[in-house]
Structure formats: structure tokens, C-alpha cells
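Here is a sequence together with a model predicted from it:
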Amino acid sequence: MTTVDSSGYEPEWLRLREAADTAARAADLVALLPDRPAVIRDLGCGTGAMGRWLSGRLPKPQRWILHDQDPRLLEIAARSLPPGIGVETEQADVTRLNFDKTSLVTASALLDLLTKKEIQRLVKSCVDAQTPALFTLSVTGSAEIRPLDAGDEALNAAFNDHQRRDGKLGPEAVAFAAAEFTRHGWTVHTRPSPWQLGPEHEDLIATWYRGFVAAAREQQPDLTVPDDRQITAVTVRHQDLLALP
């Protein structure tokens with residue numbers, strides 16, 4: 001099984017970021033989906049945040065098939081979706097699934113964890129089944145931290161290089177996926193979906209920044225980062241993608 005989904009993410013981190021994710025996602029893309037009863041596959045479902053956000057925006061009845069590497073997260077997600085929705089769970093390589101009889105493929109914060117070949121397989125599975133795809137919150141390589149620091153450009157660059165390790169596309173993932181869908185003749189819509197974090201997101205900012213710096217330093221151990229930085233606001237750039245046959 002591939003390790004590209006939420007496996008290894010702590011439930012507390014996923015809980016901490018859920019409100020920011022909800023505020024950031026481009027809800028107008030949902031209105032472009034076909035209006036029909038849905039069988040939805042949620043790839044790398046984590047604790048089920050995508051299902052909680054999306055299920056109320058889609059027509060009923062619905063059946064959700066949740067995929068993740070971590071059985072703890074699958075159990076949490078399956079319990080957390082709203083009542084009246086059918087739910088199944090499955091551990092599988094999310095880039096090798098068959099989407100026949102699936103109305104929608106969706107995922108959050110997934111594309112930037114994939115390689116070119118994995119995205120190509122995922123796109124082909126959608127195309128073969130003629131199944132629309134909605135991928136939200138893929139990083140695009142820019143984090144703006146306030147107040148500014150002279151080392152921010154180097155910090156961003158090191159983090160982005162870390163995202164590209166092991167052949168992953170990181171900040172180039174959305175553009176590559178969009179080009180792949182377009183190559184198959186599909187219609188692609190993209191929207192910015194940035195986190196806009198301020199003083200009310202103090203815990204999320206602190207947790208995000210620790211992880212951001214740790215990844216950057218793993219990539220570039222000699223990176224200079226102030227230890228006592230007081231951050232008041234962060235904008236983390238993401239992009240959402242909707243692909244339609």
C-alpha cells in the first residue's frame with residue numbers, strides 16, 4: 001500500500017486545522033458538480049473532515065467510501081460523518097483504485113504528497129470511470145509570515161525542497177494534475193484556497209510553524225531560524241481543483 005495519504009498524522013493535528021480548512025476550501029466549486037445521488041470516495045480521509053464539510057453540500061442519498069492508511073483515523077472518520085449517510089472504510093493504495101460506479105472522487109491535502117506517476121494513475125482512474133474529481137487544499141509553495149523575517153525566503157525554499165523529496169511534486173502538484181486532466185479532454189477549474197491565520201489561530205500557527213521549520217531544517221540543516229519568533233499572522237497558499245468529464 002502507498003503511504004501518500006493521512007497515515008501518520010495525529011488526530012489532534014487534523015482537529016486543530018479543520019476550522020482553517022473549512023474556511024479555506026472553495027465552496028463554489030461544489031456547485032459545478034452534477035446534481036445527482038452520490039457515491040463518494042474520500043482518499044486519505046483522515047478524521048473525516050472532508051466528509052463533514054462536503055456531505056451537507058451534496059444531494060442525498062449518499063454513500064461514502066473512506067480510504068486511509070491509518071485504521072485509527074478510519075474509525076474516527078466513519079463515526080463522525082452526519083447521520084443518514086452510508087459509510088464504508090477501506091485501506092488501499094489510493095492511486096490504484098477502480099472508480100467504476102463512483103459519482104465523485106475527493107481528497108484534501110493529498111495531491112502535493114504524490115509523484116508524477118501516482119497522479120497520472122489517479123487521473124487515469126478518474127478518466128476511465130468518467131468520475132469527477134475534487135481535490136482541495138494542495139500547497140502551492142508560498143507561506144507568508146508576519147512580522148517578516150529576513151530568512152523567510154530561504155525558509156520557504158527549504159520547505160518546498162523538502163516537499164519534493166522522494167519524487168513528490170509538492171507545490172507543482174496541482175498544475176501537473178490539471179495538465180493531465182486537460183490532456184484527456186476534461187474541463188478543469190481551479191481556485192485559490194489559502195489559510196488566513198491570525199491571533200485567533202494561535203495554537204494552529206504555533207503547531208504549523210514548528211512543523212514547517214522542522215521540515216525545512218531536515219532539508220537544510222544549516223538553516224538559520226530565530227528561536228524566539230513571535231508570529232501574529234500567517235497566510236499559507238493552497239489551491240483547489242475540480243476536474244469534470
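Perfect, I can see it now. Here the structure is a predicted model, which is why all the values come from computation and not from measurement.

Now do residue 148 against residue 231, distance only.
Separation of residue 148 from residue 231 (CB to CB, to the nearest Å): 11 Å. Yep, even glycine has a C-beta here, placed from its N, CA and C like the rest.

out of those two, which sits in the busier spot?
Each of residue 148 and residue 231 has its neighbours counted (other CB atoms under 10 Å); residue 231 has more, 16 against 9.

Torsion angles phi and psi at the more buried one?
Backbone torsions of residue 231, given as degrees, to the nearest 10, read phi -100, psi 130.

Does it touch residue 146 like I think?
Yes - between residue 231 and residue 146 there is a contact under CB atoms under 8 Å: 7.0 Å.

Tell me where the longest helix sits in the protein.
When the chain is parsed with DSSP state H, its longest helix is helix 202-219.

Do me a favour and average the pLDDT over that helix.
For helix 202-219, mean pLDDT is 95.

which secondary structure elements does that helix contact?
Helices and strands touching helix 202-219, as assessed by 3 or more CB pairs under 8 Å, 6 or more residues apart in numbering; DSSP states H and E, comprise helix 11-24, helix 152-163, strand 195-197, strand 233-244.

Need the ones you listed in JSON lines (columns: distance to residue 117 and mean pLDDT).
Listed next are the helices and strands packed on helix 202-219 as JSON lines, based on distance: least, CB to CB, whole Å; pLDDT from 0 to 100:
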{"stretch": "helix 11-24", "distance to residue 117": "27", "mean pLDDT": "94"}
{"stretch": "helix 152-163", "distance to residue 117": "17", "mean pLDDT": "96"}
{"stretch": "strand 195-197", "distance to residue 117": "29", "mean pLDDT": "97"}
{"stretch": "strand 233-244", "distance to residue 117": "18", "mean pLDDT": "98"}
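
Please, where are all the helices along the protein?
So, for the chain - with DSSP H - the helices run 11-24, 49-54, 71-80, 116-129, 152-163, 173-183, 202-219.

Show me the shaky parts of this protein.
Within the chain, the stretches with pLDDT under 70 are 1-9.

CA-only coordinates of stretch 223-236, as PDB, when you get a sec.
Extracted C-alpha coordinates of stretch 223-236, given in PDB (Å, rounded to 0.1, in the frame of the first residue of the first chain):
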ATOM      1  CA  LEU A 223      19.300  27.000   8.000                       C
ATOM      2  CA  THR A 224      19.200  30.000  10.400                       C
ATOM      3  CA  VAL A 225      15.800  30.400  12.000                       C
ATOM      4  CA  PRO A 226      15.100  32.700  15.000                       C
ATOM      5  CA  ASP A 227      14.200  30.700  18.100                       C
ATOM      6  CA  ASP A 228      12.000  33.300  19.800                       C
ATOM      7  CA  ARG A 229       9.900  34.500  16.800                       C
ATOM      8  CA  GLN A 230       6.600  36.000  17.800                       C
ATOM      9  CA  ILE A 231       4.200  35.400  14.800                       C
ATOM     10  CA  THR A 232       1.000  37.400  14.600                       C
ATOM     11  CA  ALA A 233      -0.400  36.100  11.200                       C
ATOM     12  CA  VAL A 234       0.300  33.500   8.500                       C
ATOM     13  CA  THR A 235      -1.000  33.000   5.000                       C
ATOM     14  CA  VAL A 236      -0.400  29.500   3.700                       C
END
